[in-house]
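[1] For reference, the sequence and a predicted model appear below.
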Amino acid sequence: MANRSTAPGRIALMGLVVAGALTGMAGTAGAQYYYYDDGYDPYPAYGYRDDYGYAPRPRAVVPRAAPAPVSPYEINRIAARDYGLVRIERSIRRDDTYAVDGETANGQRLRLILDAYAGDLIRRVPLRGRTAAAPHVARAEPRQDQTAPRPRLVPQPPE
C-alpha cells in the first residue's frame, strides 16, 4: 500500500487559517465610521445637540477672493531685475500672462512671457533687432568664412 501525501490537507488548512485571520481583521474595520467636524450634519432629522442642549451652529462659508494679478510696474521691475532687460519697450497683458518686449545689455531684443499672478518666466522669445547683437559664442578660427558649407553629419549611401 502506497503512502499518501498530506500536502493537500496542509495547504487547505493554511488557507483556512489565512482566511480566518483576514475575516477577523476586516470585521472590526467595518464598524469604524468617522465624521470630521466640518459643519456637516449627517442626520439632520434627529436634531443632534451638544452636552448643553445647544444645536451645532453651521459654519459660515466665506468665499475666497481671487488672487490679484501683479501690476505692470512690478512686472517691468521683475523683467529688468531677474531677466536682464535694460530697456523695456512695452508690456501687454493678455489673459493670465504679460508679454514684455525689451532689449538686453548686449543689444539683443527679447520678448519675455511672464505669468500675471506670480511673475514667473513662461517663455523667452528672441526678436530681430535693428542692430546685430553680439554673438554669444566665440569662433575657434576668427578668420573662418561663415558662409562656408557645413560638413554633412549623415554619410551618403554608396554609389
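    Received, thanks. This is a predicted model, so every value here is computed, not measured. Residues are numbered from 1 along each chain as shown.

[2] next structured bit after the biggest helix by length in the chain?
    Assignment by DSSP state H gives helix 7-29 as the longest helix of the chain. On the C-terminal side of helix 7-29, the closest following helix or strand by DSSP states H and E is helix 72-83.

[3] Tell me the strands beside the longest strand along the chain, with direction?
    The residue-count maximum for a strand in the chain (DSSP state E) belongs to strand 85-94. Applying DSSP bridges to the sheet, strand 85-94 is found paired with strand 97-104 (antiparallel).

[4] what's next to the strand it pairs with, contact-wise?
    The contact list for strand 97-104 (Cβ atoms under 8 Å, 6 or more residues apart in numbering) reads 70, 72, 75-76, 79-80, 84-92, 109-116, 122, 127, 129, 133. Bear in mind the C-beta positions are built from the backbone N, C-alpha and C, glycine included.

[5] Now do the longest strand of the chain against helix 72-83: the angle between them, please.
    With axes from the mean of the first three to the mean of the last three Cα atoms, to 10 degrees defining the directions, strand 85-94 sits at 130 degrees from helix 72-83.

[6] if we can go back for a sec, just the buried ones from the contacts of strand 97-104?
    Among the contacts of strand 97-104, those classed as buried by 16 or more other Cβ atoms under 10 Å are 70, 75-76, 79, 85, 88, 91, 109-110, 112, 114-116.
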